[in-house]
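Participant: Fold the following and give me the result.
(4 chains)
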Number of protein chains: 4
Amino acid sequence: MTRMDHSNVSNVMKPEDTAELRQLYSDFESEHLKPLWTQIDDLMPVVPNPKAVAHVWKWSKLLPLAQRSGDLVPVGRGGERRAIGLANPGLGGRAYISPTLWAAIQYLGPKETAPEHRHAQNAFRFVVEGEGVWTVVNGDPVRMSRGDLLLTPGWHFHGHHNDTDQPMAWIDGLDIPFSYQNDVGFFEFGSERVTDYATPRFSRGERLWCHPGLRPLSELKDTVSSPIGAYRWEHTDRSLTEQLLLEDEGQPATVEQGHAAVRYINPTTGGDVMPTIRAEFHRLRAGTITPSRRDVGSSVFQVFEGAGSVVLNGAEHMLETGDLFVVPSWVACSLRAQTQFDLFSFSDAPIMERLNFARTHIENGDR
Amino acid sequence: MTRMDHSNVSNVMKPEDTAELRQLYSDFESEHLKPLWTQIDDLMPVVPNPKAVAHVWKWSKLLPLAQRSGDLVPVGRGGERRAIGLANPGLGGRAYISPTLWAAIQYLGPKETAPEHRHAQNAFRFVVEGEGVWTVVNGDPVRMSRGDLLLTPGWHFHGHHNDTDQPMAWIDGLDIPFSYQNDVGFFEFGSERVTDYATPRFSRGERLWCHPGLRPLSELKDTVSSPIGAYRWEHTDRSLTEQLLLEDEGQPATVEQGHAAVRYINPTTGGDVMPTIRAEFHRLRAGTITPSRRDVGSSVFQVFEGAGSVVLNGAEHMLETGDLFVVPSWVACSLRAQTQFDLFSFSDAPIMERLNFARTHIENGDR
Amino acid sequence: MTRMDHSNVSNVMKPEDTAELRQLYSDFESEHLKPLWTQIDDLMPVVPNPKAVAHVWKWSKLLPLAQRSGDLVPVGRGGERRAIGLANPGLGGRAYISPTLWAAIQYLGPKETAPEHRHAQNAFRFVVEGEGVWTVVNGDPVRMSRGDLLLTPGWHFHGHHNDTDQPMAWIDGLDIPFSYQNDVGFFEFGSERVTDYATPRFSRGERLWCHPGLRPLSELKDTVSSPIGAYRWEHTDRSLTEQLLLEDEGQPATVEQGHAAVRYINPTTGGDVMPTIRAEFHRLRAGTITPSRRDVGSSVFQVFEGAGSVVLNGAEHMLETGDLFVVPSWVACSLRAQTQFDLFSFSDAPIMERLNFARTHIENGDR
Amino acid sequence: MTRMDHSNVSNVMKPEDTAELRQLYSDFESEHLKPLWTQIDDLMPVVPNPKAVAHVWKWSKLLPLAQRSGDLVPVGRGGERRAIGLANPGLGGRAYISPTLWAAIQYLGPKETAPEHRHAQNAFRFVVEGEGVWTVVNGDPVRMSRGDLLLTPGWHFHGHHNDTDQPMAWIDGLDIPFSYQNDVGFFEFGSERVTDYATPRFSRGERLWCHPGLRPLSELKDTVSSPIGAYRWEHTDRSLTEQLLLEDEGQPATVEQGHAAVRYINPTTGGDVMPTIRAEFHRLRAGTITPSRRDVGSSVFQVFEGAGSVVLNGAEHMLETGDLFVVPSWVACSLRAQTQFDLFSFSDAPIMERLNFARTHIENGDR
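Facilitator: Residues are numbered from 1 along each chain as shown, chains lettered A, B, ... in the order given. Next comes the predicted model:
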């Protein structure tokens, strides 16, 4: 992205390179100062110019590495989680998938327990395959099954345990980079074991809150994050199915032709599930190509089922079940479905919206 | 309710009854004036002193009268609805159940149609028994079945048709008295027949919106009233059942011991279904007695199932399925369950809360 | 306003007048029921059809009557205030200027005190002429001077005292009719004398809050009503003057050509001063005629200075300083300024907006 | 800040250092992955552990360097501003005073113009001394004088010009680091000269908006940022003076004994002036010591007048007029006033509050 040409501008701000100027710049350094005029092009670009790059991680590579970690790395207090972060190649090798977001594959072997702790960072898990683990959130055991979104909002105690003889892997999403960068993190250890090894089919949060359009009279105070610990695949799947059926009937229901989608929400407000993270699920009919769009802020997608591709700033990447990709800020993104194509996604959009930085550009007729 | 005794007050505001004073009062009349000092006790009571009285209407009386209306009164354009309003005995014979609320029994014979119209007034229907009618709201046919709450928010076109060979009756709730009193009503005729005679099991609104914790990405703009046309009994029943089970497990879930309850909400905000009307459903375990409470604002209850009673300002009223009663502002109300006792309720609480008039007093140890 | 003609409608809802029908109607009465079909035209009009009528009260009549009350009626506990309410001729002789609003002229003789009390009703005073009274609101003495708006929001203790040897009169505005109708009123006596006879130029609330764009760090919690007890004429006057000067400079500033206006606001939210009452001040250049507009809800105006007229549903009323008029719901209203024309106004618009009943219609080219 | 000791924990997560493990870690690298367990202590600290350090910049050093820049560096298109950023010593030499905030001294020579541009970044200026410059914001010329806060919210065009024969310096505050880090920046060039060289005493925004408790009826739509371009010293000074006088009278007004303070607000909402930046002004009586407090998020102070010191994490720094210091996240901060001590401050608190990361700890009796 280049800046406007100033060749005709009479008064371009370019100081003469003199000894005095060099002395001035040196004196700036001594006093912990930096001129704006030498760095404005980098600091204040015409459009967002992310260091993070678009990138795809293949599930076929991730899962075996997680499995090998299961053999070599114990799980427990200290490291806390057998989680392997996706490190954006543009972000200097740090385990950040974007400047705001963390994404990892987490792996828990048969009968293992990940100890309880809590932190200011907001977290969720999404299960692309498998079952058998319960995550215990503020004492409420929550089953983790294929297609489910599980929340552990900031400062909720949580630990996990695998009740079965099979290992299980899933993805974690957090706002660790944002929290680290802005120095907002707090952390506290809890029990070394989960506080409740019960394995109920439905968590207490679901039993209280997952009745459409109904709110318990004992829970009238709005909460910052959703009180729902588990968003079940059966509901997500049914809602997307209905949207496509309604589209078939000629009714408004989908985002655009062939593209059904839902946002996971906090039922106390109708807004996003957590203050920093948005989560959605998208389903494309086979053959659908979504318009290329740019958004301020970054997002991550994981293919849940089906085959297709994503075009990111003009480059197409083929995608299969489990594959993850990141869309940095203002990168043009278009999805293409070969089969029915199901994708889970999460983003930092609540940050952008709450701070008034959100912008979107959708290209017309430029698929 | 009497006011403070002022017998010791030196300067009680009691003008001497002279000819001059009588002339002054007469001159006030001519100029369309009224002194405050002669009417403040009535106008500004120490606590709310409603003209509306607590009253019970028996379903066993209402239903036969509705049926006789079915024989004698056609349904159609002009009168619009075969609805019979419950007239609070304290409100001068007007068809107001309270100063803000309207409640009626509506009756539709086999194959009859109530024509479409719309109005600024907010409306809902609740079905205590029966089935077979569809209400068509802004073109979306909504099945009406036992235990369902059906919404027709302000300025939505709506008509009803009975698809069967059996009559059906239900209750209507509206804010007609409030709208009339404050001159906010608008009304417009629509089709003389309903615009869609389809009889789907689920309305389009339900198919889009009734998936717990999920919001269609095509519907991100918050709406003043709930986009859900039908709140189904199966969800209400299940949520109350879960609350009582959670209570059995020692978990927080009920409003108070033995008292499960839900509020119907607008999923776009987590708030009340309509700007002027709150709707709730309460279930008491057999033997439960709720603490006596006074609220600013009026509410109406209908027994859905079970037997019990209500104590209103100290007087007990026995209740059976279908019976309706009104609780005027600041009247003390306590429910007593002989069997498991299910009650639907609605109130003007959103008005009180939005205008900052809400207050509640719960008596301790005074059941 | 007449309803649609149904002469061609096949199924107009007109039951045959039979003995059976008469028996049915009689049985309705016994059971406290009323049919909708016989009263829908009145209850649910096509547009608001207020019983309140447009009316003007002349200050030249009001003030002498208030003065005569000063001679004949003591002020003190019991009657509480020497206030004379403006009774809308359409509202059956009750001291309601509209279904929601109360307006009165209040009069306090030399050295008199009106005792302290508080009530759920929201109140304000506006001073069209005079000075010398302090109103003491929750213990804070607030000077009352010409052109000032003084607030006493719901449940704030308040009393008044006249510090001078001259009487003073002003207008009161409250939501008494709304509160009475909806049974939301609470009332409590306070001191028989005001609790502080100090006569500071500025109240403590002003000293904390009346610095433009600045909020005390000790007062970060938003309040339901404005914490400003007095809105001074000098600020109102200057803001209107600036708007007209900006208009002269070709800058956007006025509501419409020749019409400057401000709304009094709660600085903690930017919204209306109290939950039920909006207050504004309007200034028209000589010769300005405002477009005829209809609003849902009622409003009251008092001429502060200048001469002009108002056209209400087509009828013109001449106006001088101090004159008050009411605009019932949906009555068409246009102001005409002979000289520079200053008017204070208040309305129930916050009720209409919070409950989603607000609507406005402005006529084009129909002045 | 060290983490909990786990020496007694049986299952500490420390994998054996084997060839297989090293191969696993190497394979992680190839696939752009990083384990959480090796970096969690850094990424998720027990309390915020900022890389930014507490630091003081002396005005006596800054101003001469700015003056030398005035001699050596032209102002104009390209570099845009003769602004010199304060670079936190802990942030690797970047011109960030904290992870979120930018602070700079800007210098404009006699008759110079800084060209117009706009950017998504939010900006303000604060004037510790001097006068003679007008900043033109969306075409509205705004005088800059001693003690004034001037806003240029995101995406508002703005340029500056010096109308006098004297140079002028002031400080700029922006959210450049936050915007850069999160890739939200947009930038657009405007006129090379300011679009209006008028030098009015008050900007149009002030003339519309700076009347306490009054809102123009032409401006009823809430705005994301404050519509007030200039917060004048006379108002700030008066409000602080009043708070201390009220304290003298025994009235609640100050934040704590001897500590008066105001927050600059957006009058359309009562909230912060811009979505990412809070601005406040504090005045301490001579001898006042504020309790040591830690806040999540970073803030910057500039001494406006008086002498005193700040204790940051236990280290005392002496302060004079114009000195600036930064308080990184969770650093303990206490102010000590030798004389009456006036300080301007700004922070990223709106970010922390909107995203639910705000926390404060105030030490008791530990001054």
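
Participant: which residues does the nearest residue to A:Thr223 once chain neighbours are set aside contact?
Facilitator: Using Cβ to Cβ, 6 or more residues apart in numbering or on different chains and skipping residues adjacent in sequence, the residue nearest A:Thr223 is A:Thr268, 5.2 Å away. The C-beta positions use only the backbone N, C-alpha and C, and glycine is treated the same way. With contacts defined as Cβ atoms under 8 Å, 6 or more residues apart in numbering or on different chains, the neighbours of A:Thr268 are A:215, A:219, A:221-223, A:226-227, B:270.

Participant: Next step: the residues you listed restricted to helices.
Facilitator: With helices taken from DSSP state H, there is no overlap with the contacts of A:Thr268.

Participant: quick one on the thing from earlier: tell me which element the residue nearest to A:Thr223 is part of?
Facilitator: Under DSSP states H and E, no helix or strand contains A:Thr268.

Participant: and what of A:Leu150?
Facilitator: Element membership for A:Leu150, per DSSP H and E: strand A:149-152.

Participant: Report the strands that pair with the host helix or strand of A:Tyr107, each with its relative direction.
Facilitator: Following DSSP H and E, the helix or strand that holds A:Tyr107 is strand A:102-108. The strands that strand A:102-108 pairs with in its sheet are strand A:83-86 (antiparallel), strand A:168-174 (antiparallel) (by DSSP bridges).

Participant: who does the very next helix or strand once past that strand pair up with?
Facilitator: For strand A:102-108, the following helix or strand on the C-terminal side (DSSP H and E) is strand A:113-119. Strand A:113-119 sits in its sheet next to strand A:158-162 (antiparallel), strand A:187-189 (antiparallel), going by DSSP bridges.

Participant: Other residues contacting the shortest one?
Facilitator: If you take Cβ under 8 Å, 6+ apart as the criterion, strand A:187-189 is touched by A:77, A:115-120, D:3-4, D:44-46.

Participant: cool, the longest one as well?
Facilitator: Contacts of strand A:158-162 from elsewhere in the structure, counted by Cβ under 8 Å, 6+ apart, are A:108-118, A:123, A:132-138, A:144, A:152, A:168, A:190-191, A:193-195, A:197.

Participant: just the buried members of these?
Facilitator: A:108-109, A:112-118, A:123, A:132-138, A:144, A:152, A:168, A:190-191, A:194 (16 or more other Cβ atoms under 10 Å in any protein chain shown).

Participant: could you pull out the helices for chain A?
Facilitator: Taking DSSP H as the criterion, chain A carries its helices at A:19-30, A:40-43, A:59-72, A:176-182, A:204-209, A:233-248, A:349-354.

Participant: so what's the residue of chain A found nearest chain C scoring on pLDDT?
Facilitator: Of chain A, the residue with the smallest distance to chain C, taken as Cβ to the nearest Cβ, is A:Asp222 at 15.5 Å. The predicted local confidence for A:Asp222 comes out at a pLDDT of 98.

Participant: what about it, neighbour count?
Facilitator: By other Cβ atoms under 10 Å in any protein chain shown, 14 other residues sit near A:Asp222.

Participant: cool, A:Phe189 as well?
Facilitator: Every residue meeting other Cβ under 10 Å relative to A:Phe189 is counted, giving 18.

Participant: Show me what it is bridged to.
Facilitator: In beta-bridge terms (that is, DSSP bridges), A:Phe189 pairs with A:His117.

Participant: Hmm, A:Phe28 is touching A:Pro35, no?
Facilitator: Yes. With contact defined as Cβ atoms under 8 Å, A:Phe28 counts as touching A:Pro35 (6.6 Å).

Participant: so what sits against both of those two?
Facilitator: Counting by Cβ under 8 Å, 6+ apart, the residues touching both A:Phe28 and A:Pro35 are D:Ile84.

Participant: Stretch A:21-35 and chain D in contact?
Facilitator: Yes. Counting by Cβ under 8 Å from any Cβ of the partner chain, contacts between stretch A:21-35 and chain D involve A:21, A:24, A:27-28, A:31-35.

Participant: Okay, the residue lying closest to A:Lys14 once chain neighbours are set aside and C:Met168: tell me how far apart.
Facilitator: Counting by Cβ to Cβ, 6+ apart, A:Lys14 lies nearest to D:Gly78, which is 6.8 Å off, once chain neighbours are set aside. The span separating D:Gly78 from C:Met168 equals 66 Å under the rule Cβ to Cβ, to the nearest Å.

Participant: Then A:Thr290?
Facilitator: Separation of A:Thr290 from C:Met168 (Cβ to Cβ) stands at 71 Å.

Participant: And A:Ala95, by the same measure?
Facilitator: Computed as Cβ to Cβ, the A:Ala95 to C:Met168 distance reads 74 Å.

Participant: before we move on, what about A:Gly70?
Facilitator: The span separating A:Gly70 from C:Met168 equals 86 Å under the rule Cβ to Cβ.

Participant: Tell me the strands beside the strand holding A:Leu150, with direction?
Facilitator: Strands flanking strand A:149-152 in the sheet, each with its direction: strand A:123-126 (antiparallel), strand A:230-231 (antiparallel) (DSSP bridges).

Participant: could those strands be laid out in TSV, adding distance to C:Arg207 and mean pLDDT?
Facilitator: Formatted as TSV, the entries for the strands paired with strand A:149-152 read as follows, by distance: least, Cβ to Cβ, whole Å; pLDDT from 0 to 100:
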stretch	distance to C:Arg207	mean pLDDT
strand A:123-126	48	98
strand A:230-231	52	98
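
Participant: Could you identify which of these is most buried?
Facilitator: Mean neighbour count (mean count of other Cβ atoms under 10 Å in any protein chain shown) peaks for strand A:230-231 among those, with a mean of 26.

Participant: any residues touching that one, and which ones?
Facilitator: Strand A:230-231 is touched from outside by A:142-144, A:148-151, A:202-203, A:205-206, A:264, B:212-214, with contacts defined as Cβ under 8 Å, 6+ apart.

Participant: For PyMOL, write the selection for the buried entries among the residues you listed.
Facilitator: Restricted to the buried members of the contacts of strand A:230-231, where burial is judged by 16+ other Cβ under 10 Å, the PyMOL selection command reads as follows:
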select buried, (chain A and resi 142+143+144+148+149+150+151+203+205+206+264) or (chain B and resi 212+213+214)
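
Participant: is the worst-scoring helix or strand of chain A on mean pLDDT anywhere near chain D?
Facilitator: Averaged element by element with mean pLDDT, DSSP states H and E, chain A has its least confident helix or strand at helix A:40-43 (a mean of 94). Yes. Under the criterion of Cβ under 8 Å from any Cβ, helix A:40-43 makes contact with chain D via A:40, A:43.

Participant: per-residue confidence at A:Arg94?
Facilitator: Residue-level confidence at A:Arg94 comes out at 89, pLDDT.

Participant: residues in contact with the nearest residue to it once chain neighbours are set aside?
Facilitator: The shortest distance from A:Arg94 to any residue other than its chain neighbours is 6.2 Å, reached at A:Ala87 (Cβ to Cβ, 6+ apart). For A:Ala87, the set of contacting residues under the criterion of Cβ under 8 Å, 6+ apart consists of A:93-97, D:32-34.

Participant: Any chance of those residues in JSON lines with neighbour count as columns?
Facilitator: Supplementary listing: the contacts of A:Ala87 in JSON lines, determined by neighbours: other Cβ atoms under 10 Å in any protein chain shown:
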{"residue": "A:Gly93", "neighbour count": "12"}
{"residue": "A:Arg94", "neighbour count": "17"}
{"residue": "A:Ala95", "neighbour count": "25"}
{"residue": "A:Tyr96", "neighbour count": "27"}
{"residue": "A:Ile97", "neighbour count": "29"}
{"residue": "D:His32", "neighbour count": "19"}
{"residue": "D:Leu33", "neighbour count": "23"}
{"residue": "D:Lys34", "neighbour count": "20"}
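
Participant: Would you enumerate the residues in contact with A:Val273?
Facilitator: A:Val273 makes contact with A:124, A:151, A:153, A:225-226, A:228, A:264-266, A:279 under the criterion Cβ under 8 Å, 6+ apart.
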